[in-house]
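Asks: let's see this in three dimensions:
(one chain, ligands or ions: 1)
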Amino acid sequence: MKGSRLKEKRESSTSDRVPPAFSVRPMTAADLEAVTAIESENPSPWTAGQLASERDQDGGWQFVAESGASGRVCGFVCGRSCAGEAELLKIAVGRQYRRQGIAVQLVAHALCCMAAQGVGRCFLELRAANTPALALYERFGFRRVGRRKNYYTSPLEDAILMEKTVVSAYLGAVTK
Ligand SMILES: CC(C)(COP(=O)(O)OP(=O)(O)OC[C@H]1O[C@@H](n2cnc3c(N)ncnc32)[C@H](O)[C@@H]1OP(=O)(O)O)[C@@H](O)C(=O)NCCC(=O)NCCS
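Replies: This next block holds a predicted model:
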């Protein structure tokens with residue numbers, strides 16, 4: 001009996017020290033190499049220069065998700081806010097890290113940041129056949145508001161435009 005209580009105590013103190021699977025924080029210049037590598041896995045990737053220049057944009061925001069176990073950057077999101085509106089420009093998660101809820105955390109952080117900036121509406125566009133991203137955005141309440149025929153090249157594809165109202169309830173929804 002005494003021994004099993006001790007075991008329980010040891011187990012709970014060990015689990016208290018287990019690092020989170022991943023966390024979200026602002027992107028730094030040191031993250032650019034890892035972010036560029038993740039971005040390069042996707043169609044129409046931005047170059048390292050394009051990603052770097054986003055960090056200098058007025059109203060720009062960029063976050064990375066970092067693995068708690070390895071400290072590696074496993075995903076990122078970036079966008080810009082101006083005059084009460086925002087555009088979510090890019091989100092990507094490294095292939096080996098997908099389907100673990102990382103994109104959900106990144107979008108939640110982005111929405112929290114927008115709410116803090118007083119943004120009322122967020123826009124984005126994506127490839128029409130990108131069903132994972134469509135499902136992700138619809139899960140957050142983004143709705144389809146337009147379509148641009150043959151907007152993307154390599155491969156040629158329509159763009160879907162989406163929009164969402166940003167509410168102040170997002171403030172404080174995430175801890176970092
Ligand atoms: C879209 C993307 C960012 C999702 O990242 P992720 O970390 O795997 O997503 P999550 O694990 O947080 O999943 C969140 C929700 O998105 C949807 N989703 C994600 N991947 C999906 C897939 N392969 N098929 C269907 N729905 C998917 C689901 O609704 C999922 O919720 P669920 O797991 O409860 O079903 C990732 O697939 C990616 O980096 N794709 C390439 C880049 C890209 O297309 N970016 C968007 C356009 S800029």
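Asks: which one is the spatially most central residue of the chain nearest to, not counting chain neighbours?
Replies: For the chain, L106 is the residue whose C-alpha lies nearest the centre (CA atoms, centre = their mean; 2.9 Å). Spatial nearest neighbour of L106, excluding adjacent residues (CB to CB, 6 or more residues apart in numbering): V77 at 4.1 Å. Bear in mind the C-beta positions are built from the backbone N, C-alpha and C, glycine included.
Asks: host element of the one you found?
Replies: Of the helices and strands defined by DSSP states H and E, V77 is found in strand 73-82.
Asks: wait, does stretch 128-144 contact the ligand?
Replies: Yes. Stretch 128-144 reaches the ligand (CB under 6 Å from any ligand atom) through N130, T131, P132, A133, A135, L136, R139.
Asks: and P45, its phi and psi?
Replies: Dihedral pair for P45: phi -70, psi 150, per degrees, to the nearest 10.
Asks: how close does it sit to G101?
Replies: 23 Å (CB to CB, to the nearest Å).
Asks: what of T153?
Replies: Distance from T153 to G101, by CB to CB: 32 Å.
Asks: please say which of these two ends up with more neighbours.
Replies: Per other CB atoms under 10 Å, whichever of T153 and G101 has more neighbours is G101, with 14 against 9.
Asks: near the ligand, which residues of the protein show up?
Replies: Near the ligand, when you scan the chain using CB under 6 Å from any ligand atom, you find 42, 90-93, 98-104, 126, 130-133, 135-136, 139.
Asks: now which of the residues you listed would you call buried?
Replies: Buried by 16 or more other CB atoms under 10 Å: K90, I91, A92, V93, Q100, I102, A103, L126, N130, A133, L136, out of these.
Asks: could you list the low-confidence segments of this structure?
Replies: The chain contains residues with pLDDT under 70 at 1-19, 169-176.
Asks: quick one, strands of it?
Replies: Taking DSSP state E, the strands of the chain run over residues 22-26, 60-67, 73-82, 85-93, 121-127, 143-152, 157-165.
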